[in-house]
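>>> please work out how this folds:
(one chain, ligands or ions: 2)
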Amino acid sequence: MTHKWWQNAVIYQIYPQSFQDSNNDGIGDLPGIVKRLPYLQKLGVDVLWLNPIYQSPLKDNGYDIADYKKILPVYGSMADFDNLLKQIHAHGMKLLMDLVVNHTSDQHRWFQESKQSKDNQYADYYIWRDPVNGHEPNNWHAAFGGSAWTFVPERGQYYLHLFAPGQPDLNWENPAVRESVWNIMRFWLDKGIDGFRMDVINLISKPAGLPDAPEPGTYPLTEGLVADGPKLDDYLREMNEKVLSHYDVMTVGEMPSSKPEDAINYTGLNSHELNMVFQFQHVALEPNPDKRLGKWNDQPVKLPELKKALSRWQKALDGKGWNSLYWNNHDQPRAVSRFANDDPKYRVRAAKMLGTTLHMMQGTPFVFEGEELGMANVHYTHLDQYEDLESINAYHELVDEKKLVDGPTMLKYLANISRDNARTPMPWDDSQNAGFSDATPWFALNPTYQQINAKAAVADKDSVFYHYQKLIQLRHDSDLVKFGNYDEIDPDDAEVFAYRRHYQGDTLLVMSNFTDKTLTRNYRQARAAKLVLSNYDNDQGVTLRPYESKVYLFN
Ligand code: TEU
Ligand code: CA
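Ligands and ions are numbered 1, 2, ... in the order given. So this is what the prediction gives:
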């Protein structure tokens, strides 16, 4: 496989609302990002991915776009964007934009016209259906609560929204919709951006006839029903042919519920579709046993299951497609709380251990803002502390309406898994408002900001920040890290995650203790080993101290 620039890259995800405020209105913005580019350069990342910054009523924090070619004024102007792009490039980095085209906002001009009548220019831009016996056209449940259908009296029809009612799904069957999307993509690519992260892109092709879900009331995006639909390959190939193939850019498709076989199909060399996908297997390991509760649960992840999920993707895509690697993003709780231990006694070591475990795999790693500080969950205890519509709607639907769970239990579930855990403002220092803003931030800071902040991390040579810096450097310097194949050790070991990578006669051994106990593991190697990286000072050979993680090279 010829090597591509994005196979050498580490991506840093910025949640613009919560990164850096520059004009003291309490909301992060584009000039704020410019201010922090030296910090990102020091970390060593190659590419920045921005969550949506377009015109939006922000019902779902920008994943509801009202105008794809305008910057939301609170984030800045188009001139601020152009300057940001220029500055990112001047700092030797690249920029990925979020492409959200499964749905628009209901405030988008297309939808405003579409809903007026059945015979306007945009009438077929969305998925409209007549009522069936006076009811919704099928039993699909929306991701953010309630039915996936909303009735519009002007048309006497329902429209489909897989997420919130303010996020109507586009009708990709309509060639004019596709042309409109290609046009938006070219607009940004012609400005010189370096690629796209594509929101729920495997949901754009709906199943023929929109059949009922087998289990009414459950989330509809289950395998085989809405995801990876019949025309998805056609649409992605058309996108590639008409747009992407004309630029040297990278693409990552967000694909909830896709399997490795699907991903090989989308990311394979000869498929001419996407470069990599975000798979969800390892972040969907602890669903509630009661399916009506979906992802809401507070059970810890079992290590053998986590290993199985990640190893499956490592093995399946090797030489056939390309993996993305991530623990965190704006939709997931903080990894150190979820997969390891955020007790102050262990947090720093545990965060480094997780970083090592993931970054030594094959694929393109993504770091979500604050992950490089080992940020933990916020541990909220009241519903009014939450901002995210998914969390708030789920509480009302599951506790108040359906009475499937009691309030205190649901609050535990939210504390464990809510997206808001990731969305607190970036803690830059220990001053009031953490250097994020002089004004009260739009969303409360994580109360730990006086200890866990970027300034403290940069001043401490043993910080998680410098560990991530080393991980990024190791990838840049090593073809073994980038391209080596993957060989899991002891899949059933419930305490240690260990694997080997092999490339041109060299071997890398990675071993991570996921417990707070001291363990012994002897993975015998014929040749002498060199310790490449560790999160403890002195190597004790076969002994693994709490959350210890080591990387050895054999060559
Ligand atoms: O997320 C899609 C998705 O399937 C989930 O991760 C979703 O966030 C939800 O938590 C399921 O329980 C993408 C975006 O990343 C997310 O922020 C948006 O809200 C969503 O699409 C709709 O655009
Ligand atoms: Ca601002």
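
>>> contacts and neighbour counts: CA atoms only from here.
Will do.

>>> on the three-state scheme, whatever residue of the stretch 51-200 of the chain ends up closest to ligand 1 is what?
Going by Cα to the nearest ligand atom, ligand 1 is nearest to residue 63 of the stretch 51-200 of the chain, at 4.5 Å. Assigned with DSSP: H, G, I helix; E, B strand; the rest coil, residue 63 falls in the coil class.

>>> is it correct that it is in contact with residue 100?
Yes - at 6.5 Å, residue 63 counts as touching residue 100 under the criterion of Cα atoms under 8 Å.

>>> could you name every residue contacting both of those two?
Common contact partners of residue 63 and residue 100 (Cα atoms under 8 Å, 6 or more residues apart in numbering): residue 52.

>>> who has more neighbours out of the two?
Neighbours around residue 63 and residue 100, counted as other Cα atoms under 10 Å, are more numerous at residue 63. The numbers are 26 against 22.

>>> what about that one, distance to ligand 2?
Counting by Cα to the ion, to the nearest Å, the gap from residue 63 to ligand 2 is 19 Å.

>>> can you pull the contacts of that residue?
Residues in contact with residue 63 (Cα under 8 Å, 6+ apart) are 52, 56, 100, 104, 105.

>>> drop anything exposed from those.
Buried by 16 or more other Cα atoms under 10 Å: 52, 56, 100, 104, 105, out of these.

>>> interface residues of the stretch 251-400 of the chain facing ligand 1?
Within the stretch 251-400 of the chain, the positions adjacent to ligand 1 are 256, 331 by Cα under 6 Å from any ligand atom.

>>> now with 5 Å?
residue 331 (Cα under 5 Å from any ligand atom).

>>> where along the stretch 251-400 of the chain do the strands fall?
Ranges of strands in the stretch 251-400 of the chain, per DSSP state E, counting those that start in this stretch, are 276-278, 324-325, 364-368.

>>> so which of those strands is the most packed in?
Comparing the strands of the stretch 251-400 of the chain by mean neighbour count (mean count of other Cα atoms under 10 Å), strand 276-278 comes out on top with a mean of 25.

>>> taking the stretch 251-400 of the chain, what residue is nearest to ligand 2?
Nearest residue of the stretch 251-400 of the chain to ligand 2: residue 369, at 17.4 Å (Cα to the ion).

>>> so what's the residue of the stretch 51-200 of the chain closest to ligand 1 scoring on pLDDT?
Residue 63 carries a pLDDT score of 98 in this model.

>>> circling back to that earlier point, also near ligand 2: which of the buried ones among the contacts of residue 63, exactly?
Filtering these for proximity to ligand 2 by Cα under 5 Å from the ion leaves nothing.

>>> just the closest of these to residue 169, please.
Using Cα to Cα, residue 104 is the member of these that lies nearest residue 169, at 6.7 Å.

>>> if I look at the closest one, how far off is residue 29?
Applying Cα to Cα, to the nearest Å, the value for residue 104 to residue 29 is 22 Å.

>>> and what of residue 418?
Separation of residue 418 from residue 29 (Cα to Cα) stands at 24 Å.

>>> again with residue 496
Using Cα to Cα, residue 496 is found at 41 Å from residue 29.

>>> again with residue 382
When distance is defined by Cα to Cα, residue 382 is 28 Å away from residue 29.

>>> of those two, which one has the most company?
Neighbours of residue 382 and residue 29, each counted by other Cα under 10 Å, are more numerous for residue 29; the result is 28 against 13.

>>> that'll do, ta.
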